[in-house]
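Q: sequence unknown, structure follows:
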DNA sequence: AACCTACCGTGTACGGCGTACACTTGTCAA
DNA sequence: TTGACAAGTGTACGCCGTACACGGTAGGTT
């Protein structure tokens, strides 16, 4: 229905917009954004096109390949590296761009975890990231360590370690925490500190973006020190 | 069959070892270790006990709760914090213990990603980790940032960023990389450096353990500097 | 005009999954 | 003896991914 184009107004003759790998991937991403990747099935996706499930298999080999393709769409949204900045801000900006892409598609990081082989597009992303360290003056060894060290941050996310998506209302959450004070004293103490420190954050809770950048800068500064150390040792 | 106990030799009278939440969780962990968590199903798990699938539901509410319980088993294998060391080595040791637990059960980190709410056991782990920073002299704010910064490392793993579990033999892998040299020059350069640097590593490839500790120490040193900086500012 | 050939979507079917719900069976206290 | 309760059973439902044989349609060749 939604996928028909009237060739002439008032005519019964209609033509489907033909399926294509691109269209399938884009729609799958939208569906996952809207309803969550868990509920994405080949059958529902086909329904979205008004088409029988097996029709999709002309364009993607199977569901795994569909997921790979969806990740490619997301990775494709990451900005290319800037060329007129020092390595540190260039890497920083790019990683924050990756993070933005993955926040737009919250399922993506979880799906990324399940992949065993990178697609060419992901490979290209890694490659250019390695290149950024290299032109920044990193030795190949330090670049290697840096890539490992950045770990998940390279893909623009780090565990939010239980993203606070609970469906409990805030006032009840406070109650819950005070009830836990005996059992988990340190968590409680941290909760108190964070929830009373409303100055820097809008409302109680923590500023994920700040935390992400804190960790990122910790790593970047550490890497910079390593780099300079190596420089001094081989004058 | 395997789950029967002969009460008397030669007698047909046999008694099942009764099901229990503990036994179910342990067996599920073994099954996931052996065949991968993807292929773990309630039906196969029941089969392992020679029991009908629905029997399991007397002991675990549903599959989600089963997975939660399995993670609890894994987290239960993490050593408790040592009390007679400085914070840095204590935190370091504990995280490496967590990493060992998660390497023993490679499915665990992936499943952890899919959880939305922590179990009490995971909460307790977090709590005691927070406590380690606190007794180490961290302010509550810095502790907060530290917990976020350690991110996945707190759970003992960081992305291995495409664990090299490919089923291609090593000699073909070399070929593959050289074929990719034009497309991904930086990856190729890195590959060359790593595969020729056999001195520190047994065989070509990279020493994941070394990389993990490199990143870990980068973070710990960065955190230490932050801590000392705060100290000096408020004498 | 007749026919061949590719391609692309269809229809049917299979085996596997999680789990709801009603049932039997075994155990033990009253 | 009975009756309650817990533990395991059997059946069934609605999902899922996808193998496989089929039909229709457009374009090129004869």
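A: That came in fine, so what should we check first? From a predicted model like this one, the values you see are computed outputs, not experimental measurements.
Q: the longest helix along chain A close to chain B?
A: As assigned by DSSP state H, the longest helix anywhere in chain A is helix A:208-233. Yes. Contact of helix A:208-233 with chain B is found when judged by C-beta under 8 Å from any C-beta of the partner chain, involving A:208, A:211-212, A:214-215, A:218-219, A:221-223, A:226. (Glycine included, C-beta is placed from N, CA and C.)
Q: so how far is that helix from its chain's centroid?
A: Chain-centre distance of helix A:208-233: 21 Å, with C-alpha atoms, centre = their mean, to the nearest Å.
Q: quick one: mean pLDDT for it?
A: Mean pLDDT, taken over the full extent of helix A:208-233, equals 77.
Q: tell me the angle that helix makes with helix B:208-233.
A: Taking axes from the mean of the first three to the mean of the last three C-alpha atoms, to 10 degrees, helix A:208-233 and helix B:208-233 form an angle of 100 degrees between their directions.
Q: just checking, what packs against helix A:208-233?
A: When contacts are defined as 3 or more C-beta pairs under 8 Å, 6 or more residues apart in numbering or on different chains; DSSP states H and E, helix A:208-233 sits against helix A:87-104, helix A:140-150, helix B:140-154, helix B:208-233.
Q: just how off-centre is the second one within its chain?
A: Once both centres are worked out by C-alpha atoms, centre = their mean, helix A:140-150 turns out to sit 21 Å from its chain's centre.
Q: can that helix be said to contact chain B?
A: Yes. Helix A:140-150 lies in contact with chain B when judged by C-beta under 8 Å from any C-beta; the contacting residues are A:140-141, A:143-145, A:147-150.
Q: list the buried residues in whichever helix or strand comes after that helix.
A: Sequence-wise, the next helix or strand beyond helix A:140-150 is helix A:170-179, with elements assigned using DSSP states H and E. Within helix A:170-179, the residues that qualify as buried are A:173, A:177, counting by 16 or more other C-beta atoms under 10 Å in any protein chain shown.
Q: where does pLDDT dip in chain A?
A: Across chain A, residues meeting the criterion (pLDDT under 70) sit at A:1-16, A:157-170, A:194, A:196-206, A:209, A:230-235.
Q: can you rerun that using 80?
A: Applying pLDDT under 80 to chain A flags the ranges A:1-17, A:148-149, A:151-174, A:176-177, A:179-180, A:183-187, A:190-212, A:227-235.
Q: residue numbers of it in contact with DNA strand C?
A: A:16, A:18-19, A:51-55, A:58-59 (C-beta under 7 Å from any atom of the strand).
Q: and those residues, which two are furthest apart?
A: The largest separation in the residues of chain A next to DNA strand C, counting by C-beta to C-beta, is between A:18 and A:53 at 17.0 Å.
Q: which residues does residue A:180 contact?
A: Residues counted as contacts of residue A:180 (C-beta atoms under 8 Å, 6 or more residues apart in numbering or on different chains) are A:187-188, B:123.
Q: re earlier: hmm, which of the residues of helix A:208-233 next to chain B are the buried ones?
A: A:208, A:211-212, A:214-215, A:218-219, A:222-223, A:226.
Q: ok, of those, which one's closest to residue B:176?
A: Nearest to residue B:176 out of these is residue A:223 (C-beta to C-beta; 28.9 Å).
Q: how near is the residue most central in space within chain A to residue B:28?
A: Central residue of chain A (C-alpha atoms, centre = their mean): residue A:102, 2.3 Å from the mean position. Using C-beta to C-beta, to the nearest Å, residue A:102 is found at 31 Å from residue B:28.
Q: repeat that for residue A:113.
A: Here residue A:113 is placed at a distance of 20 Å from residue B:28 (C-beta to C-beta).
Q: what about these two, which has more around it?
A: Summary of the neighbour comparison: residue A:113 and residue B:28, criterion other C-beta atoms under 10 Å in any protein chain shown, with residue B:28 having more neighbours (24 against 16).
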